[in-house]
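Student: Any chance you can model this:
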Amino acid sequence: MAMGLHGAARGRGRRGRGTRRAPVAEINVTPLVDVMLVLLIIFMVTAPLLTAGVPVDLPESRANALPQESQQVTISMRSDGSVYIDDAPVSGGVGDALAAIAPGPDGKPPEVVLRADRGLDYGRVMGVMGELSRAGFTSISLVTDGSDRQP
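Tutor: Got it, this is the predicted structure:
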């Protein structure tokens, strides 16, 4: 019923005044902006979670960040002494787990990124680095948190 009244009123306005309404040719960008902001927030929240899955209290350093390699292995050492290789806990010896890592397409072993908790004994970290060297991993990067102050 409302359609009939609306159509009659519109028809009467045309006859009386002779004006026509042009179609609106504007795009409403508000929903697009809303969706893009939600996606931005989702990516900002999930991006830090993708790089490291094992929570480690890293020491601070003023060193510059190195670029990430396409093929790298992340070894994390927690404060209780447990060792993880790419978010998977190492149950046996570290040397046995490192032997299972396949070399890259060029035949060289992948770069190793070592994340060790700041509360760990220096000897434990050096023990894992010795196992890495013995397994043939010679390119090892130590991960720290950024800091502005001098040690």
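
Student: Walk me through the domains of the protein.
Tutor: Taking automatic domain parsing as the reference, the chain has its domains at 2-51, 60-146.

Student: rank those domains by pLDDT, which is bottom?
Tutor: Comparing mean pLDDT over these, the weakest stretch is domain 2-51, at a mean of 73.

Student: In space, not sequence, find me the middle residue of the protein.
Tutor: The central residue of the chain, meaning the one whose C-alpha is nearest the mean C-alpha position (CA atoms, centre = their mean), is Ala47 at 2.9 Å.

Student: what about that one, which helix or strand?
Tutor: Counting by DSSP states H and E, the element that carries Ala47 is helix 30-51.

Student: Could you identify which of the domains of the chain is most buried?
Tutor: Each of the domains of the chain was assessed for mean neighbour count using mean count of other CB atoms under 10 Å. The highest is domain 60-146, with a mean of 14. (Glycine included, C-beta is placed from N, CA and C.)

Student: so how far is that one off the chain centroid?
Tutor: Counting by CA atoms, centre = their mean, to the nearest Å, domain 60-146 is centred 19 Å from the centre of its parent chain.

Student: just checking, next helix/strand downstream of the helix holding Ala47?
Tutor: Remark: after helix 30-51, the chain's next helix or strand is strand 60-61, criterion DSSP H and E.

Student: Listing partners with orientation, what would you give for that following strand?
Tutor: Taking DSSP bridges as the criterion, strand 60-61 sits next to strand 145-146 (parallel) in its sheet.
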